[in-house]
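*Asks:* Here's my sequence, what's the structure:
(chains A, B and C)
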Amino acid sequence: MSVFALVDANNFYASCEKLFDPKLAGVPVVVLSNNDGCVVARSAESKALGVKMGVPWFKIKMEAERAGIVALSSNYALYADISDRITEVLRGFSPDVEVYSIDESFLDVTGFRHLGLEAYGQAIRGRVAEWVGMAVCVGFGPSKTLAKLANHCAKKGLAGRDGVCDLTALEGPAMDALLGGIPVGEVWGVGRRISAGLEAIGINNVLDLRDADAETIRSRYSVVLERTVRELRGVSCLALEELAADKRQIMVSRSFGRKVQDLAALADAVATHATRAAEKLRGQGSIAGAVVVEIRTSPFSEREPQYQRSINVPLPEASADTRTLVRWAIRGLKSIYRPGYAYAKAGVMLSELRPRTAAQGDLFSAGGSFRSEALMATMDAVNSRWGRGSLRTAAVRSDHLEWEMARGSLSPGYTTDWEGLPVVLAR
DNA sequence: CTATAACTCTCAA
DNA sequence: CTAACGTTGAGAGTTATAG
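*Replies:* The predicted model follows:
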C-alpha cells in the first residue's frame, strides 16, 4: 500500500505577510485578491473575528478596520518565493514531491513508514518552521483524497495531534465515527454544486459518500466522483504527478482598477496581457495556434448595460512571437469592441498549444522563424534583467494609468526586490 | 450516423 | 458624496457540426 502525505501551509498568504513584519504579530490580517477586491486569506485572528472567505472587501472594510483588521494587497512574488523555500525543505523528506498549488504539496512517503508517520509528520513540521518560519499541517493517507482529508482533520484538530494526522492508522468504528462527523463538502472534488446534490439524496457526510454505491455515483454524477468514492475507501486512483505537464492553454486576464470606455485603453490592456501570455508560452517552449480575446462589463454593476464577448482568432501559423500574438489579439479586440460600455475586465487566452519543435511552417513564407526566436530570446533576456516591460512592443504603453489594478496596501518585496530588503535589515 | 469540435459546467487554490 | 466583487487551469459531459 502506498502512503501519501499532504503538506499544507496554514493561512498561507497571511502567514507570509507576518513572516517579515513583526508589527503584524498577533494582529488580525487579511490578504485581498487582485484589485483589492475580495478577501482571499485570513490570519487566525481574522478568522476568529468572523471574517468570511471571499467576501468583497468594500462590504466589510469599515467594520473590519474598526476591529483592527489590517488588509494587505496580494504580493504574489513574495508568496511564490516562500512557497519555493517550503518545497525545497519537503524535497528533503521525499524524493517524490508533487507541488499541487502555491501552498500545498503531496509527498509519496511509502518508503518512510518504518520511521513512524506521526513522527515523520512532526519532523516535517518542525523543519519547515525552523528553516522557513512557516507553520504547516501534515496529513497522511493511503490515497491522495484521504491524505487531503487527513490534513483537514489536522488543521481542525479533529484527529491526530499538533498539526499532524495519520489516517492510515485509523480503521473500523473509529474511522467511521471520524468520517461521519465531516460534511461531505469537505472532500476534495466535492464543491458547492455536488454537495448540494448529494445532500438531497441523503449523502451528508464523508462516511455516507464512502459507503455510497459507486455505480450509482458514476451514473448520477461522473467517473470523477466515482474515483473519489474509491479513494475514500483507501484505493489509490490518483497517482502522484511529479513533473507538471505543459499547459494546454495560457490565460492572462485582469479586472481594471476603474472602468474603461475607449478602445485605446482596452487595446493597451489586451496588448499587455498578450505580451505576458507570450512570455509564459515561451517559458514552456510552446507555440500557440490561436488567440482568444475577451472583454466584459461588470456583472455586479446591475444598472449598467451589460456586454460580454470573446472571439477565437486562429493564427495562420502557430507562433510564440509577441509581435504576432499582440497583432492578432488587437485585431480580435477591434472586431468585438462596442463603444458605450463601461468595461471592467479584459483577457487574452492562448490555445492550441504545441511544442515549438512541432511547428508547422507556412509553405510560402519559410525561414523567418529563426530571426523571430532570436529576437524573442533577446527580449526575454532584457526583461528578465531589467524588469518586466523594459523592452516591449509599441502597442503596450509605458504606463497603464487608465486601467491598472488597485493595490493600495502592497507589502514590500522582502525577498524579491532590493528595495524591499533594507526594511528587513533595519530591524 | 459517427467522429470531432465547440461549448458548458464544475472544481480547485 | 458614491461606488466599489479574483485568476488560471483542468477535465468531463453535452451539444452542434461536418463528412
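
*Asks:* So the closest residue to A:P412 other than its chain neighbours: helix, strand or coil?
*Replies:* Nearest non-adjacent residue to A:P412, counting by Cβ to Cβ, 6 or more residues apart in numbering: A:G420, 3.4 Å away. Just so you know, the C-beta spots here come from the backbone N, C-alpha and C atoms, and that holds for glycine as well. Following DSSP: H, G, I helix; E, B strand; the rest coil, A:G420 is assigned to helix.

*Asks:* immediately after the helix or strand that contains A:F256, which helix or strand?
*Replies:* If you go by DSSP states H and E, A:F256 is part of strand A:250-260. Per DSSP H and E, the first helix or strand lying C-terminal to strand A:250-260 is helix A:263-283.

*Asks:* Check whether the closest residue to A:V164 other than its chain neighbours sits in a helix, strand or coil.
*Replies:* Sequence neighbours aside, A:G121 is the residue nearest to A:V164 in space, at 3.4 Å (criterion: Cβ to Cβ, 6+ apart). The three-state label given to A:G121 by three-state DSSP is helix.

*Asks:* For A:G121, list the residues it contacts.
*Replies:* A:G121 sits next to A:5, A:138, A:140, A:160, A:163-166 when contact means Cβ atoms under 8 Å, 6 or more residues apart in numbering.

*Asks:* try A:F256
*Replies:* A:35, A:269, A:343-346, A:402-405.

*Asks:* Number of residues surrounding whatever residue of chain A ends up closest to DNA strand C?
*Replies:* DNA strand C sits closest to A:G37 of chain A, with a gap of 2.4 Å, by Cβ to the nearest atom of the strand. Residues near A:G37, counting by other Cβ atoms under 10 Å, number 17.

*Asks:* Hmm, A:Y100 and A:E242 touching each other?
*Replies:* No - A:E242 is beyond contact range of A:Y100, at 11.0 Å (criterion: Cβ atoms under 8 Å).

*Asks:* if you count what's nearby, which of the two comes out ahead?
*Replies:* Neighbour tally, A:E242 and A:Y100, criterion other Cβ under 10 Å: the higher count belongs to A:Y100, 17 against 12.

*Asks:* which SSE is A:A196 in?
*Replies:* helix A:192-200.

*Asks:* Quick one: residues contacting A:E199.
*Replies:* Contacts of A:E199 by Cβ under 8 Å, 6+ apart are A:V184.

*Asks:* cutoff 10 Å now
*Replies:* By Cβ atoms under 10 Å, 6 or more residues apart in numbering, the contact list for A:E199 reads A:183-185, A:205, A:208.

*Asks:* will you turn the residues you listed into CSV that also has neighbour count, pLDDT and secondary structure?
*Replies:* Shown next, in CSV, are those (neighbours: other Cβ atoms under 10 Å; pLDDT from 0 to 100; DSSP: H, G, I helix; E, B strand; the rest coil):
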residue, neighbour count, pLDDT, secondary structure
A:P183, 12, 95, strand
A:V184, 21, 95, helix
A:G185, 16, 94, helix
A:N205, 18, 96, strand
A:D208, 16, 95, helix
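
*Asks:* of these, closest to DNA strand B?
*Replies:* Taking these together and measuring to DNA strand B by Cβ to the nearest atom of the strand, the closest member is A:G185, at 7.6 Å.

*Asks:* In space, what's closest to that closest one - neighbours in sequence excluded?
*Replies:* In space, A:G185 is closest to A:S195, 3.7 Å off (Cβ to Cβ, 6+ apart).

*Asks:* count of neighbours near the one you found?
*Replies:* So A:S195, with other Cβ under 10 Å, has 18 neighbours.

*Asks:* need the contact list for it.
*Replies:* A:183-187, A:203-204, A:209.

*Asks:* residues from the stretch 51-200 of chain A in reach of DNA strand B?
*Replies:* Residues of the stretch 51-200 of chain A that fall close to DNA strand B, judged by Cβ under 7 Å from any atom of the strand: A:100-104, A:148, A:187-195.

*Asks:* Residue ranges in chain A under the pLDDT threshold?
*Replies:* Residues of chain A that meet the criterion pLDDT under 70 lie in A:361-368, A:421-427.

*Asks:* How about the residues of chain A by DNA strand C?
*Replies:* Checking chain A against DNA strand C by Cβ under 7 Å from any atom of the strand, the hits are A:33-35, A:37-38, A:40, A:54, A:56, A:58, A:61, A:222-224, A:245, A:247-255, A:259, A:280, A:298, A:300-301, A:304, A:344-345, A:347, A:349, A:405.

*Asks:* gap between the strand holding A:F256 and the chain center?
*Replies:* Put simply, strand A:250-260 sits 17 Å off its chain's centre (Cα atoms, centre = their mean, to the nearest Å).

*Asks:* May I see the buried residues of it?
*Replies:* A:250, A:252-257, A:259-260 (16 or more other Cβ atoms under 10 Å).

*Asks:* all strands of the stretch 101-250 of chain A, in order?
*Replies:* A:104-108, A:136-141, A:164-166, A:250-260 (DSSP state E, counting those that start in this stretch).

*Asks:* And A:E130, how far from A:L107?
*Replies:* 18 Å (Cβ to Cβ, to the nearest Å).

*Asks:* and whichever residue of the stretch 101-250 of chain A sits closest to DNA strand B, what does it touch?
*Replies:* Residue nearest to DNA strand B within the stretch 101-250 of chain A (Cβ to the nearest atom of the strand): A:G191, separated by 2.5 Å. Shown in contact with A:G191 (Cβ under 10 Å, 6+ apart): A:G185.

*Asks:* which two in the buried residues of strand A:250-260 are spaced the farthest apart?
*Replies:* Distances among these were taken as Cβ to Cβ; the most separated pair is A:I250 and A:K259, at 26.3 Å.

*Asks:* just checking, A:M349 is part of a strand?
*Replies:* Yes - under three-state DSSP, A:M349 falls within a strand.

*Asks:* Number of residues surrounding it?
*Replies:* 21.

*Asks:* Who's the closest spatial neighbour of it, skipping the chain neighbours?
*Replies:* Nearest one to A:M349, counting by Cβ to Cβ, 6+ apart, is A:V292 at 4.1 Å.

*Asks:* How about A:N34?
*Replies:* A:M405 (5.6 Å).

*Asks:* Which residue ranges of the stretch 251-400 of chain A form helices?
*Replies:* With helices called from DSSP state H, counting those that start in this stretch, the stretch 251-400 of chain A shows them at A:263-283, A:322-336, A:369-386.

*Asks:* A:A265 against A:D399, yeah?
*Replies:* No - A:A265 is not in contact with A:D399 according to Cβ atoms under 10 Å; the separation is 11.4 Å.

*Asks:* Buried ones among the residues of chain A next to DNA strand C?
*Replies:* For the residues of chain A next to DNA strand C, buried by 16+ other Cβ under 10 Å: A:33-35, A:37-38, A:40, A:250, A:252-255, A:259, A:298, A:344-345, A:347, A:349, A:405.
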